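Trainee: sequence and computational prediction follow.
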Amino acid sequence: MRTVSVFFSVLLFWATSAHAHEEAIVSDVLDALHQAAADADYDRYFSLFADNAVFIGTDISERWPIDVFQAYAKERFDTGVGWTYVMTERHIDFSANGDVAWFDENLWTDKYGASRGTGVLVKTDEGWKITQYHLTYPIPNDLAAEMTARIKEFEGR
């Protein structure tokens, strides 16, 4: 009976270690994304995305397939100016088979303050790749009615 208990303890430790290892790798990909954006490093930034990725920006019109987002970013990165978002909190979860990860992260930028990134990564032969990244500005509940009224007014023009 003790042998079975030891076996299951080792199995549980291995599974927990493997999960923690994959979580660290996914976190490293996201950290590299933010660093490449801050450095305006176009090649490094887009090497982290899957070929079929989508970037969803903060404006309702900003749903960019990767090729459209690349064109936008290239023009900006070519000036040597990127964008700097500092992660302050991150949560990562995985599918049962471990091939898909999704995350949410709180971010800070001097220009806009608090924001949130959410998205999905897939495990490929080349490593973890971002298939969707979604950037939002979280609105505090106490300000939501005022802000959404302003957005409705803006969109009504």
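Mentor: Cool, got the structure. Numbering: from 1, shown residues only.
Trainee: when you work out contacts or count neighbours from here on, use the C-alpha atoms and nothing else.
Mentor: Will do.
Trainee: remind me, longest strand of this protein?
Mentor: Using DSSP state E to define each element, the chain has its longest strand at strand 113-124.
Trainee: what residues does it touch?
Mentor: Here strand 113-124 makes contact (C-alpha atoms under 8 Å, 6 or more residues apart in numbering) with 26, 99-109, 128-138.
Trainee: touching, Arg44 and Ala36? I think so.
Mentor: Yes - using C-alpha atoms under 8 Å, Arg44 is in contact with Ala36, at 6.0 Å.
Trainee: out of the two, which sits in the more crowded spot?
Mentor: Ala36 (21 against 15; other C-alpha atoms under 10 Å).
Trainee: quick one: least confident helix or strand in the protein?
Mentor: Lowest on mean pLDDT, DSSP states H and E among the helices and strands of the chain sits helix 2-38, with a mean of 77.
Trainee: quick one on the thing from earlier: list the buried residues for the longest strand of the chain?
Mentor: By 16 or more other C-alpha atoms under 10 Å, the buried positions in strand 113-124 come out as Ala114, Ser115, Arg116, Gly117, Thr118, Gly119, Val120, Leu121, Val122, Lys123.
Trainee: kindly report the same for stretch 54-66.
Mentor: Val54, Phe55, Ile56, Gly57, Trp64, Pro65, Ile66.
Trainee: quick check: the gap between the second one and Val29.
Mentor: Put plainly, it is Phe55. Relative to Val29, Phe55 is positioned 16 Å away (C-alpha to C-alpha, to the nearest Å).
Trainee: quick one: low-confidence ranges for this protein?
Mentor: 1-18, 157 (pLDDT under 70).
Trainee: ok, 80 please
Mentor: Along the chain, segments meeting pLDDT under 80 span 1-19, 157.
Trainee: how close does Ala50 sit to Phe69?
Mentor: Distance of Ala50 to Phe69, computed by C-alpha to C-alpha: 13 Å.
Trainee: tell me the contacts of the residue nearest to Ala32 when sequence neighbours are not counted?
Mentor: Excluding the flanking residues, the one nearest Ala32 by C-alpha to C-alpha, 6 or more residues apart in numbering is Tyr45, at 7.6 Å. Each residue near Tyr45 by C-alpha under 8 Å, 6+ apart is listed here: Ala32, Leu33, Ala36, Ala37.
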